[in-house]
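*Asks:* Next comes the sequence, and after it the predicted model I'd like to discuss.
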Amino acid sequence: MAVDPIIQPIVRAVSLNKKVRTGDTQLIILQDINLVINAGETVAILGASGSGKSTLLGLLAGLDTPSSGTVYLDGVNIFSLNEDERAAIRGRILGFIFQSFQLLPALTAIENVMLPLELLGSSNARTTALDLLGRVGLGMRLKHYPKQLSGGEQQRVAIARAFVTQPKLFLADEPTGNLDSVTGAHIINLMFELNRERGATLLLVTHDEAISSRCTQRVRLAGGEIIN
Amino acid sequence: MNLPRISFRMLVCDWRAGELNLLLFALVIAVGGIATVGFFVDRVQLTLSRQGNQLLGADLIIVSDHQISQHYTDEALRLGLVVSNALKFPSMVAKGENSLLTEIKAVATDYPLRGELRISDNISNVSSPRADYIPNAIPSSGSVWVDDKLANRLTLKQGDTIEVGATKLTVTALITQEPDHSIGFISLAPRLLINAVDLPATNLIKQGSRVTYRLLIAGDAGLVKSFKSWAQARLVLGERIEDIRDARPEIKTVLERAEKFLSLAAMASVVLATVAIALAVRQFILRHLDTCAVMRCLGTSQKKILKLYLYYFIMFGIAASSIGCVLGLISQEVLTYWLSTIAEVEIPPPSLLPAIHGLLFGMAILLGFALPPLLNLKSVPALRVLHRDIGSQNTGSLAGYATGLVTLLVLFLWQAGDAQLGISVMSTFILAVVVFGFFGFLMIKILSSLLGQTRGVWHYGLASILRRTAINVVQIIAIGLGIMALLTLTLIQNNFLQDWRAGLPSDTPNYFLVNIQTDQLRPLENFFEQNEILSPTVFPMVRGRLISINNKIVLSENYFDTRAKRLIEREFNLSWAEEIRSDNKIIAGHWWENGGIGEAVVSIEEGVAKTIGIHLGDVLTYEIAGQILSVTVTSLRKVNWDSFRVNFFVVTPPSILKQYPATYITSLYLQKEQLTVINKLVKNFPNFLVIDVEAIIAQVQKIMEQVTKAIEFVFLFTLLSGLAVLYAAIVTTHDERVYEAAIFRVLGANRRQLVRVWVIEFAILGGLAGLLAAIGASSLNYIVGKYALNMPYTFNPWVFLAGLLFGGIGVVVVGLIGTRGALTRPPLQTLRKIA
Ligand SMILES: Nc1ncnc2c1ncn2[C@@H]1O[C@H](COP(=O)(O)OP(=O)(O)O)[C@@H](O)[C@H]1O
Ligand SMILES: [Mg+2]
């Protein structure tokens, strides 16, 4: 595949493989994945349950390690780095949204949103976080703990947390999977809006053809392979 | 449906998946620890008292003023014990013109049953050290062994014939060491050992003779104990039972303190083990809530779920406890080997009993803490499948801990073997649970008010403590109890090891000189000067009989206690002094001022006062040399009998006793090279009684050394179980912490940031627990010191620093080791596993 030398792709996966060993059988989860995503794109990853979508997204974010192959994030080979250095890159350029929200239960909504900024050592974490929580419509729920929020509200906190560091790249793994369709639609709209406002890149795992049709690129997975 | 089979399959699955690791670890350590400590305490006690019994010549003696009834012997033999009869009486022994009042001891085969009798064939030559050996039998019929006093005074040599009552016997050896030679001041007379078969020929045992009959008994410690309680109930007037504790007060205190300490250590290990198991069970229950919910969804009845887990825990308990038992038996082997290198007596082999004890303990504690939450578990609502938060609230229910505590209490008293000590220690621990819980909660709440002002890592550290308030309070209690147990043992250990580690001072008196007359004081001083020996302090001694307390006649028949009877029957040694001795301490009343001139007052040793029933303010009337003397008790004294210095039960101001005929007593320390001085002394002052306590001092010293080593070793073991508790307490929140770490990682946190959050969290928890533990340990130390060990309490401010540091640093280190895996594992793997 020819790569435009001027536009550096934000994500590039090179012959990515993931195998796991359970007992004496080896399970191939991902096989020879090659993928290029340029800045500003919106990409939908589609596939049946168990096809390897979450695994792929996790590898692209450096949350897991591949059996072979590698991923370049913003030009950096992230698997030549150690876990700490990968975390630093994530903190800088990446926002991640999970199907099951994954908020820290010990922290309030605002503290959850401030956390990535504080980890970066930002001084005006609170005002930025306040802004963003207002933007996702939770200006009145700042001091509430995740337990006190509904699923949709928790996912909005998670979105605010993912966007708060102004990342270049968003990864969302079935962000509406645990929500009803109306709430889900709101969440998706919110994500697309925020993404457009910041001119960032969005990578989204979904089953929903309607959502995928709003994306500029679609990647279909089946049995751990891309079948476009 | 075959429930046990399903339970077994579940167990195998969980076991393989490592789900049971913590519980397994806690149970194995607990059972192994109890089996080992229990065994060890047992062995050490046995070894020590055997060592002590060498000084008694037997494990137990029945002493009587009349012929000892045959049924004691019969019962002892029936139990498989060995017995030997001996009797003692004073009589004149003569060689030619010279005769001397001598204490004669007639012994039978097998004497002594414990310890060593040593003799020498060299009787007359006293200047050079004698070569002595252990004879292989008692003196044969017709021959006698003499002690050096008798040999000296009657100038005996081997083959001499002496008259004992109506018969003549041949002197064949000199006794150099006699195991049961008391160092009391009663039997200072020369001694003669004869074979009991020669006794009738002497014709000395008649109605009214002052004969003491002794039945020596020895054998397996358990059997001796049961014999003792059997015999105790059958003692008649004039009979008493003596064991090493009655016979040797110096050893009594050492042994009793050591035993109390060892049983405290055993109790501490029980508490620690229980805490570890309770925590591990909690984690297990939390992890199995989901399984239960799913089973409920699939239509399993509550009763079936309960049964499933009951089988599960029984099978698991047996498996884990068995591993613990094996561990216990192995460490018993190691300990036995180790113990055999320090003790000279034969050590009984490792036994299965403590292991079974440990097994029962493990099962009881496991079920005690697991069953009540299981009753909760069975009622987990099926709805939990959809909402995970449902049904996880009651797992730490009070009922669960209460049942566990009751189980613990029962086992505890069993382990303690001493109800009073057990109950007081246990109540302190229960109180500690409540107090730690309350203050832990309070301190967390106080911290929460600070939360708003903190930033960064401090904020996250604090926030996670606050969010888990409930479980953190449990952690503080657990860690606090662990540290408290360790600090208490450290404090107590320090307290008495301080004295013992140094052993007795090297100038501890090894000779006593008794029967010094007033007009010999100056010549004696000169004698010491000539021989370049520092003249020791002499103490006056006046003999008197206590006839009444507050004008009520004192009769030995009115006392049940045998020691009281003996004290009443014989004459007291009264002494006088202006100043109180530095090794005496007033514990009630006050010492006289200005030498107490003209004051008719008296100071009594507290032990004697307690035995006879003398109180402050009582008027005691003595008969001294035919005269009557009444004095008022104005102080009670505590005397350090371990010091081997001359001490008196009864002391008055000088002006009270000076007019009565007195003799003097002194003690002195002589080095090996100076021993010839003793012979000169005996020649110059033939009326002196010289008592050699060298052998006894050596024994006591050795026992102290062994006790010290044993205590240090047992302490080490308790320390290990303390670390296990720390680990278990931290692992309780391990899953949550690892989960949070993964999210921090997703958001870009680096290793340093994560470690700092944890360090703050662990340090706060550990510090709080350590501080509370220090308070608890100080109180427990006070209680145990006062009520169990009879030791003065000294407040030790370092405990607080030690608690704080040990808690803070210990928890941080153990915590970081426990969570370090979360630092390197890719976050997605963690999230997949947990979510
Ligand atoms: N650590 C693992 N061990 C074993 N199997 C795994 C592991 N991670 C993923 N899998 C398996 O790999 C496949 C793909 O998983 P996943 O990426 O979660 O699929 P998707 O998100 O598309 O539903 C599934 O069959 C899953 O069970
Ligand atoms: Mg998935």
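*Replies:* Structure's in. What do you need? Ligands and ions are numbered 1, 2, ... in the order given.
*Asks:* can you tell me which helix in chain A is longest?
*Replies:* helix A:181-198 (DSSP state H).
*Asks:* Buried residues in it, which are they?
*Replies:* A:183-184, A:186-188, A:190-192, A:194-195 (16 or more other C-beta atoms under 10 Å in any protein chain shown). From N, CA and C alone the C-beta is placed, and that goes for glycine too.
*Asks:* Can you say which two of those residues are spatially most distant?
*Replies:* Greatest spatial distance among those (C-beta to C-beta): A:183 and A:195, at 18.7 Å.
*Asks:* Any stretches of chain A with poor pLDDT?
*Replies:* Along chain A, the parts satisfying pLDDT under 70 run over A:1-7.
*Asks:* Mind telling me which residue of chain B is nearest ligand 1?
*Replies:* residue B:832 (5.9 Å; C-beta to the nearest ligand atom).
*Asks:* neighbours around the residue in the stretch 1-150 of chain B that chain A sits nearest to, how many?
*Replies:* Residue nearest to chain A within the stretch 1-150 of chain B: residue B:16 (10.8 Å; C-beta to the nearest C-beta). Residue crowding around residue B:16 was assessed by other C-beta atoms under 10 Å in any protein chain shown; the count is 9.
*Asks:* Please identify the helix or strand for it.
*Replies:* helix B:3-17 (DSSP states H and E).
*Asks:* So which bits of that helix are buried?
*Replies:* B:6-7, B:10-11, B:14.
*Asks:* same thing with stretch B:686-693?
*Replies:* Buried residues in stretch B:686-693 (16+ other C-beta under 10 Å): B:688-693.
*Asks:* same check, this time on stretch A:29-42
*Replies:* Per 16+ other C-beta under 10 Å, stretch A:29-42 contains these buried residues: A:29-31, A:33, A:35-38, A:41-42.
*Asks:* same question, stretch B:435-455
*Replies:* B:435-437, B:439-441, B:443-444, B:447.
*Asks:* And for stretch A:174-183?
*Replies:* Going by 16+ other C-beta under 10 Å, stretch A:174-183 has these buried residues: A:174-176, A:178-179, A:183.
*Asks:* Please write out the alpha-carbon positions of the longest helix of chain A in CSV.
*Replies:* What follows is helix A:181-198, C-alpha atoms only, in CSV (Å, rounded to 0.1, in the frame of the first residue of the first chain):
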residue,chain,number,x,y,z
SER,A,181,-31.0,2.7,21.9
VAL,A,182,-32.2,6.3,22.6
THR,A,183,-29.4,6.9,25.1
GLY,A,184,-27.0,5.2,22.7
ALA,A,185,-27.9,7.5,19.9
HIS,A,186,-27.3,10.5,22.1
ILE,A,187,-23.9,9.2,23.1
ILE,A,188,-22.9,8.5,19.5
ASN,A,189,-24.0,12.0,18.4
LEU,A,190,-22.0,13.5,21.2
MET,A,191,-18.9,11.6,20.2
PHE,A,192,-19.1,12.5,16.5
GLU,A,193,-19.7,16.1,17.5
LEU,A,194,-16.8,16.3,19.9
ASN,A,195,-14.6,14.6,17.4
ARG,A,196,-15.5,16.9,14.6
GLU,A,197,-15.0,20.0,16.8
ARG,A,198,-11.5,18.9,17.7
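*Asks:* Fine, thanks again, bye for now.
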